[in-house]
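Visitor: this one's structure only:
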């Protein structure tokens with residue numbers, strides 16, 4: 001799948017950005033078809049598996065940035081790159097800037113809703129067989145797998161990014177933001193009024209640092225996930241009280257079983273039903289991973305990914 005929102009954000013931040021996607025793979029490969037990374041003049045985001053393959057792809061991506069070019073390259077993961085995977089991958093590298101995005105995404109004619117279809121190799125017209133299959137797929141449920149068909153790249157567009165709100169930019173909040181930021185399933189927000197902590201967040205994370213976290217929560221959409229982890233227990237309680245007064249998809253509170261028992265008592269006193277209180281998970285993370293902030297973040301991310309498991313994201317989905 002292609003995350004057009006992320007691409008637009010990176011273009012806005014860096015001007016010219018190259019997107020490198022694994023368009024197809026055979027045999028053993030370090031990442032699945034559909035995996036993408038983004039490269040700009042002095043940085044990058046994501047990974048297609050590291051090693052010599054990624055190093056070569058990054059170098060090539062930077063070389064085409066100024067030309068707004070598209071290139072297709074094929075690599076045997078053995079003799080070509082000194083890797084021992086034994087498989088083969090095809091990479092499509094596209095250099096984007098605001099003008100190209102406007103011409104080829106914003107103003108383009110999209111014949112198949114939710115499918116970003118473009119010719120990346122050769123000059124052949126869209127194969128009629130592919131056109132028929134795409135038309136049939138639009139009437140069926142399920143995602144379309146990223147694939148390269150006779151020079152045409154087919155990618156489903158991410159249209160279901162879940163907003164994730166993290167209240168508190170301390171150690172766990174920072175770690176969780178860094179784990180979630182590269183994942184296309186989520187749009188991550190951090191609410192905190194401490195400027196030094198907010199400055200350390202990844203650039204793709206939205207910052208809410210001018211208003212209290214309760215005000216941020218009040219404007220969150222009903223499909224949002226909320227993680228409450230401020231430095232003040234009283235404020236954590238206020239946020240729990242606030243979230244229970246509005247629709248939400250998931251809510252988690254950092255803390256011990258003792259803290260949660262006290263919070264449950266206070267939330268009952270504030271008029272919340274037991275079944276509603278039960279919707280807040282506490283503690284968060286995976287107990288077996290330990291209490292290190294990064295371990296907690298990994299456990300939380302795994303929980304969210306399990307809840308938001310989507311077909312067609314990486315290497316799965318309908319083959320045309």
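Guide: Arrived safely. What you are looking at is a predicted structure, and each value in this text was computed from that prediction instead of being measured.
Visitor: What are the buried residues along the helix or strand bottoming out on mean pLDDT in the chain?
Guide: Ranked by mean pLDDT, DSSP states H and E, the helix or strand of the chain with the weakest confidence is helix 128-137, at a mean of 84. By neighbour count on 16 or more other Cβ atoms under 10 Å, the buried set for helix 128-137 is 130, 133-134, 137. For the C-beta atoms, the positions are set from N, CA and C on the backbone; glycine is no exception.
Visitor: Among these, which one lies nearest to residue 107?
Guide: Closest approach between the buried residues of helix 128-137 and residue 107, by Cβ to Cβ: residue 134, at 20.6 Å.
Visitor: Was I right to think that closest one contacts residue 116?
Guide: No: Residue 134 is beyond contact range of residue 116, at 11.5 Å (criterion: Cβ atoms under 8 Å).
Visitor: Overlap in contacts, those two.
Guide: Taking Cβ atoms under 8 Å, 6 or more residues apart in numbering as the criterion, residue 134 and residue 116 both touch residue 154.
Visitor: quick one: residue 198 from residue 151, how far?
Guide: 45 Å (Cβ to Cβ, to the nearest Å).
Visitor: again, but for residue 296
Guide: 46 Å.
Visitor: between the two, which one's more packed in?
Guide: Legend: neighbour count by other Cβ atoms under 10 Å for residue 296 and residue 151, higher for residue 296 (23 against 16).
Visitor: Checking the residue lying closest to that one once chain neighbours are set aside next. Helix, strand or coil?
Guide: Leaving aside its sequence neighbours, residue 296 sits nearest to residue 285 (Cβ to Cβ, 6 or more residues apart in numbering; 3.8 Å). When classified by DSSP: H, G, I helix; E, B strand; the rest coil, residue 285 comes out as coil.
Visitor: same question, the one 3 residues further on
Guide: State at residue 288, reduced to three classes by three-state DSSP: helix.
Visitor: what's around it, how many residues?
Guide: Around residue 288 there are 7 other residues, counting by other Cβ under 10 Å.
Visitor: Would you map out the domains in the protein?
Guide: The chain is divided into the following domains under automatic domain parsing: 4-156, 162-307.
Visitor: Average pLDDT for the last one, rounded please.
Guide: What that stands for is domain 162-307. Averaging pLDDT along domain 162-307 yields 95.
Visitor: measure that domain end to end?
Guide: The straight-line separation of the ends of domain 162-307 (Cα to Cα, to the nearest Å) is 11 Å.
Visitor: roughly how far is that domain from the heart of the chain?
Guide: 18 Å (Cα atoms, centre = their mean, to the nearest Å).
Visitor: Kindly report the same for stretch 31-49.
Guide: Relative to its parent chain, stretch 31-49 has a centroid offset of 12 Å by Cα atoms, centre = their mean.
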